[in-house]
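1. sequence and predicted model, in that order:
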Amino acid sequence: MSYQGYLIGILGFGLISGMFSPIILPQATAAIVLLAPGLLISSPSVVIFLSYLLGSTLTIMIAGIPAALYERVTGSAESTPTSLWIWLACTALMALPAVIAFLQVGGF
């Protein structure tokens, strides 16, 4: 698999997690409301968009930590397929509550 395939999967899971996660979305929305109170006056849709964006970004950043630690331990100068698999797997695990909430399968 090329690097683009891994990155598309990582970004897809990050997007799903940022939009539907019952864990991340309330905190991201609260952070946007606290950090940019002037946006509430202009448009609530801007606040929702920014909270989705913040949740997706946080998911991708947090899921990348184990992959970065793996690269550091192995001494890799650039990303390898193994580190990208680690990043993809961690992003998928973080997106699992969002997928369950989206499909309305669990008790969320």
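-> Thanks, I have the structure now.
2. right, and the helix or strand after the longest helix along the chain?
-> For the chain, the longest helix by residue count, based on DSSP state H, is helix 44-74. Secondary structure here is assigned by DSSP states H and E; on that basis, the next helix or strand after helix 44-74 toward the C-terminus is helix 81-103.
3. and the contacts of that following helix?
-> If you take Cβ atoms under 8 Å, 6 or more residues apart in numbering as the criterion, helix 81-103 is touched by 1, 3, 6-7, 9-10, 13-14, 16-17, 19-24, 59-60, 62-68, 70-71, 76, 106, 108. All C-beta spots, glycine's among them, are computed from the backbone N, C-alpha and C.
4. now those: which count as buried?
-> Buried residues within these, counting neighbours by 16 or more other Cβ atoms under 10 Å: 6, 9-10, 13-14, 16-17, 19-21, 24, 59-60, 63-64, 67, 70-71.
5. distance of the residue nearest the centre of the chain from Y70?
-> Note on the chain: the residue nearest the mean C-alpha position is T59, at 2.4 Å, using Cα atoms, centre = their mean. Plainly put, T59 is 18 Å away from Y70 if you go by Cβ to Cβ, to the nearest Å.
6. pretty sure T57 sits against I24.
-> No - applying Cβ atoms under 8 Å as the test, T57 and I24 come out as separate, 10.3 Å apart.
7. now do the shared contacts for those two.
-> Residues touching both T57 and I24 (Cβ under 8 Å, 6+ apart) are G18.
8. now do the same contact list for the residue nearest to the centre of the chain.
-> Neighbouring residues of T59 by Cβ under 8 Å, 6+ apart: F13, G14, S17, G18, S21, I24, T91, M94, A95.
9. what's the burial count for the nearest residue to F20 once chain neighbours are set aside?
-> If the residues on either side of it in the chain are set aside, F20 comes closest to A98, at 4.0 Å by Cβ to Cβ, 6 or more residues apart in numbering. As a burial measure, A98 scores 25 neighbours (other Cβ atoms under 10 Å).
10. pLDDT below threshold where in the protein?
-> By pLDDT under 70, the low-scoring segments of the chain are 1, 39-41, 105-108.
11. now do 80
-> Filtered on pLDDT under 80, the chain yields the residue ranges 1, 36-43, 105-108.
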